[in-house]
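A.B. asks: Prediction below, plus the sequence it came from.
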Amino acid sequence: MDSERLARLTEQQRVCLRLVYAHMTSKEIARMLGIEPGSVDQHVKAAMRVLGVGDRRSAARLLAEHEEIGAGAVASRVRMQEEQMAYQAGPPRLEPLLPLPWEGLRPTYVGWMKRLAWIVAIAIGCAFSFAALIAATEAFTRLLRL
Amino acid sequence: MIRDLLDFYTIARPGWPPMNVMVYGLLLTMCCVYALWRGGVPERIGTAILAAGSLLTVAAISGPAVSFRSVEVGVLIVDLLCIVAFVLLALRAERFWPLWVAAFQIVGTAGHLVKFADPDTIRRVYAFLLAIWSYPILLFLFVGTWRHQKRLARFGIDRSWSREKAVS
C-alpha cells in the first residue's frame, strides 16, 4: 500500500522530501535546487496528497524509511543501541548513595531494605526541615514586630 | 502575612470554589495527563494512586461544618492506603521518584498524628499539614515522567522494574 503510493512520487517530489527530512526549510531547499520556494511547497504538498499524510515531516519520514537512507536515522539508532548496551553491560556501576539519579546512577540493584531506609530518611528530613521552616518564620515574624 | 496568604488561597469567593481546590485540581489534571501520556508503567501506576487518593480524599472529608474539627478517619484511611501503594511502587520500580513520593505521603499523613496527639490543633492548620505535601508529589511525578522521556530518547528503552537480584 505504502510502497505503491511511494512509487507514484515524482523525482522532484522525492528530492524535496529528502531535503525536508534533512530538516531544511522550503527556502533553503529552493535555493539549493534553484527553484522558487512556492514550487518546493507545491512539490511537498503534492507528495503529501499522494502519500495521504497531513504534514510534510510524516511524508519525508515515510520516504526516508522506504529508501532506508534515513538521513542519520539508522546511524542514530545504532548509536542509541550502543549507548544502551554500554550502559547496561558496562563496568559494574556503583550503588547510588543517595536516592538521586546523579551521574546516571539507577536504583537497579538497590534492595528493598535500603529503599525503605531511604524513604524513612527522606520523610524524617522533610519533617525536620518543615518544622525548622515554621520555627524560623515564627521567630522572624516576632523579630519584625519588635 | 502568612494568614493573609492562606486566606487568599483557601477562602472561597462568591460563585467560585476556593482557589486551592481549583489550583490543585488543575495541577493534578495536568500532571496526570502528562504522566499517563508520556510516562512508563511506574509513572502510570503512580498517577493512578495519586488520582484515586485525591478523589477518595475529597469524598472522605466530612461535611464542611465539621470537617477537620476532629481526626478525619476516612481521610486517614485513604492516606494510609496511598502510603502502602507508593511504598510498594518505590520498592520495585526502577525509579527514584517513588521513594520521594512515598516519603512525602508519609510526612503528610503524619498530620493526622499531630491532630490525634493534640486535638486542639486548629482545623486550618490540620488541613494545611495534610494538603501541603500533595504539591511536591505532583512535582516529583512530573519530573519523573520528564526524565523517563529523556532516558527513552537517549537509550531507546527505559526499564520499568528493578531486577530481583544483582547479577554478578
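C.D. replies: Sure, I can see it.

A.B. asks: So what's the residue count around the nearest residue to A:Glu36 once chain neighbours are set aside?
C.D. replies: Closest residue to A:Glu36 apart from its sequence neighbours, by CB to CB, 6 or more residues apart in numbering or on different chains: A:Ala30 at 6.0 Å. For the C-beta atoms, the positions are set from N, CA and C on the backbone; glycine is no exception. For A:Ala30, the neighbour count with other CB atoms under 10 Å in any protein chain shown is 19.

A.B. asks: And for residue 129, the neighbour number?
C.D. replies: With no chain named, the answer covers chain A. Neighbours of A:Ser129 using other CB under 10 Å come to 11.

A.B. asks: other chain: chain B
C.D. replies: Counted with other CB under 10 Å, the neighbours of B:Leu129 add up to 21.

A.B. asks: repeat for B:Asp7
C.D. replies: 10.

A.B. asks: helix or strand for it, which one?
C.D. replies: helix B:2-10 (DSSP states H and E).

A.B. asks: Can you classify B:Pro17 by secondary structure?
C.D. replies: The three-state assignment at B:Pro17 reads coil, by DSSP: H, G, I helix; E, B strand; the rest coil.

A.B. asks: which residues sit in contact with it?
C.D. replies: Applying CB atoms under 8 Å, 6 or more residues apart in numbering or on different chains to B:Pro17 gives no contacts.

A.B. asks: give me phi/psi at it?
C.D. replies: Reported as degrees, to the nearest 10, the phi and psi values for B:Pro17 are phi -70, psi 160.

A.B. asks: Could you measure from it over to B:Leu5?
C.D. replies: Here the criterion is CB to CB, to the nearest Å. By it, B:Pro17 lies 18 Å from B:Leu5.

A.B. asks: Equivalent analysis for B:Thr47, please.
C.D. replies: Distance from B:Thr47 to B:Leu5, by CB to CB: 29 Å.

A.B. asks: With neighbour numbers in mind, choose between the two.
C.D. replies: B:Thr47 (21 against 9).

A.B. asks: Go over the secondary structure and confirm that one is in a strand.
C.D. replies: No - with three-state DSSP as the criterion, B:Thr47 is helix rather than part of a strand.

A.B. asks: on that earlier part again, and the helix holding B:Asp7, what's its mean pLDDT?
C.D. replies: Taken as a whole, helix B:2-10 has an average pLDDT of 85.

A.B. asks: One more: stretch B:52-65?
C.D. replies: Stretch B:52-65 comes out at a mean pLDDT of 90.

A.B. asks: Identify the residues contacting that stretch?
C.D. replies: The contact list for stretch B:52-65, computed with CB under 8 Å, 6+ apart, reads B:24, B:28, B:67-68, B:72, B:74-75, B:77-79, B:81-82, B:134.

A.B. asks: For PyMOL, write the select line for the buried members of the residues you listed.
C.D. replies: Buried members of the contacts of stretch B:52-65, defined by 16 or more other CB atoms under 10 Å in any protein chain shown, are picked up in PyMOL with:
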select buried, chain B and resi 24+28+68+72+75+78+79+82+134
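
A.B. asks: and the contacts of stretch B:52-65 as a markdown table, adding secondary structure and distance to chain A?
C.D. replies: A markdown table is the format used below for those (DSSP: H, G, I helix; E, B strand; the rest coil; distance: CB to the nearest CB, whole Å):
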| residue | secondary structure | distance to chain A |
| --- | --- | --- |
| B:Tyr24 | helix | 19 |
| B:Leu28 | helix | 20 |
| B:Ser67 | coil | 23 |
| B:Phe68 | coil | 18 |
| B:Glu72 | coil | 20 |
| B:Gly74 | helix | 23 |
| B:Val75 | helix | 18 |
| B:Ile77 | helix | 19 |
| B:Val78 | helix | 18 |
| B:Asp79 | helix | 13 |
| B:Leu81 | helix | 16 |
| B:Cys82 | helix | 13 |
| B:Ser134 | helix | 13 |
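
A.B. asks: what ranges do the helices span in the chain?
C.D. replies: Unless you meant another one, I'm taking chain A. Under the criterion DSSP state H, chain A carries helices at the ranges A:2-7, A:11-21, A:26-33, A:37-51, A:56-67, A:73-89, A:112-145.

A.B. asks: hm, I was asking about chain B
C.D. replies: Along chain B, the stretches classed as helices by DSSP H are B:2-10, B:19-38, B:41-60, B:73-92, B:97-117, B:123-131, B:134-155.

A.B. asks: can I get these in TSV with distance to A:Met113?
C.D. replies: Shown next, in TSV, are the helices of chain B (distance: least, CB to CB, whole Å):
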stretch	distance to A:Met113
helix B:2-10	40
helix B:19-38	28
helix B:41-60	20
helix B:73-92	10
helix B:97-117	13
helix B:123-131	29
helix B:134-155	22
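
A.B. asks: List the residues that contact the spatially closest residue to B:Ala131 that is not a sequence neighbour.
C.D. replies: Take B:Ala131 and drop its neighbours on the chain: the residue closest to it by CB to CB, 6+ apart is B:Asn20, 7.1 Å away. Residues in contact with B:Asn20 (CB under 8 Å, 6+ apart) are B:Tyr9, B:Thr10, B:Ala131.
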